[in-house]
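[1] coords please:
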Amino acid sequence: MITFFREWFSINRPLVFFVYGQVFFILGLAIALQSRRYSRLNLAHSLPWLAGFGFLHGLNEWGDVFIPIQSQFLGNPVISILDTIQHILLAVSFALLFQFGIELLRPLQGKWRWLRLLPAALLMIWLIGPFWVGLGLIREVEKWHDLVVVLARYGLCLPGGLVSAYGLLRQNRIQIKPLGLPRIGRMLKIAAGALAAYALLGGLIVPVAPFFPANVINVDSFTALFIVPPLVFRSLAGLILVLAMIRAMEVFDIETDRMIRQMEESINPNSRLQI
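    You can find the predicted model right below:
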């Protein structure tokens, strides 16, 4: 049975990548269609960063499906360019997720204002360090590919996912709970749990690299232990995140209804009695 599952996931690897990318692309699309700029909730002003993460991360994962297909028709220089673009999409998507978490912590005042620049600073360090300098120092291209992915996940995905999870819990405590919306609060808690799970699955389970902890905790050791590759668990975490965020964004409709009701009552104090 174990051999069957391993062979199935190996044969259907492109399908797994496609579904994984689809989950996160739907996350970005759902948020882009439902977010409200005029909302007074800090969550509404932070959601575009999460939508950007969903779009770019979905495109990055689809690269694992389409780039191997194009390698049959395109030359190695073009494929190398596509691989490079894919790495950049991965790192930028994680930076957007990190920025989403930072924005949820607003207002940042005094000595904490610099935190808003932290995701961009880490992204620049990644671009200049392992991505640019590492390309010139590491002769084996495959090792360079693994290095940039590992450091992007350690430096951006792991802290970004954890900060975003904390930010959602903080938003629930500060803004949602006082509104008396326990169902919305539960959805935000579920979304926070999904983000924390994704941070661990996406930020700690990395390709094999010759340094700790990547030489111990990696995709190969995870798959050997659980049979199922980490992509499947990341997809499940992403799916839970999508469903929870879609339900949580109903808070904007509730907020709009309350604003309209307050406006009606201010114009006609007897409107409540008429209803």
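
[2] give me the low-pLDDT residue ranges for this protein?
    Along the chain, the parts satisfying pLDDT under 70 run over 1, 35-37, 109, 269-275.

[3] Okay, helices next: where are they in it?
    2-11, 13-34, 42-70, 76-104, 118-126, 134-137, 141-152, 158-171, 182-203, 219-226, 230-248, 250-267, 271-274 (DSSP state H).

[4] To F212, which of these lies closest?
    With CB to CB as the measure, helix 141-152 is the member of those nearest F212 (11.4 Å). (Glycine included, C-beta is placed from N, CA and C.)

[5] that older thread, can I get the helices of the chain in TSV including distance to A209 and mean neighbour count?
    Compiled in TSV, those are given as follows (distance: least, CB to CB, whole Å; neighbours: other CB atoms under 10 Å):
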stretch	distance to A209	mean neighbour count
helix 2-11	22	11
helix 13-34	21	18
helix 42-70	18	20
helix 76-104	15	20
helix 118-126	15	17
helix 134-137	12	12
helix 141-152	5	19
helix 158-171	15	23
helix 182-203	14	21
helix 219-226	11	13
helix 230-248	15	20
helix 250-267	42	13
helix 271-274	64	9
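
[6] okay, the ones you listed in JSON lines with distance to K111 next?
    Supplementary listing: the helices of the chain in JSON lines, determined by distance: least, CB to CB, whole Å:
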{"stretch": "helix 2-11", "distance to K111": "48"}
{"stretch": "helix 13-34", "distance to K111": "31"}
{"stretch": "helix 42-70", "distance to K111": "20"}
{"stretch": "helix 76-104", "distance to K111": "15"}
{"stretch": "helix 118-126", "distance to K111": "13"}
{"stretch": "helix 134-137", "distance to K111": "33"}
{"stretch": "helix 141-152", "distance to K111": "28"}
{"stretch": "helix 158-171", "distance to K111": "17"}
{"stretch": "helix 182-203", "distance to K111": "25"}
{"stretch": "helix 219-226", "distance to K111": "39"}
{"stretch": "helix 230-248", "distance to K111": "31"}
{"stretch": "helix 250-267", "distance to K111": "31"}
{"stretch": "helix 271-274", "distance to K111": "47"}
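
[7] which residues touch the nearest residue to L56 once chain neighbours are set aside?
    Residue nearest to L56 in three dimensions, not counting chain neighbours: S93, with 3.8 Å by CB to CB, 6 or more residues apart in numbering. For S93, the contacting residues are 52-53, 56-57, 60, by CB atoms under 8 Å, 6 or more residues apart in numbering.

[8] mind checking how far I85 is from W62?
    Look at I85 and W62: by CB to CB, to the nearest Å, they are 12 Å apart.

[9] How about V242?
    V242 sits 17 Å away from W62, going by CB to CB.

[10] Please apply the same query to F252.
    Using CB to CB, one obtains 29 Å as the distance from F252 to W62.
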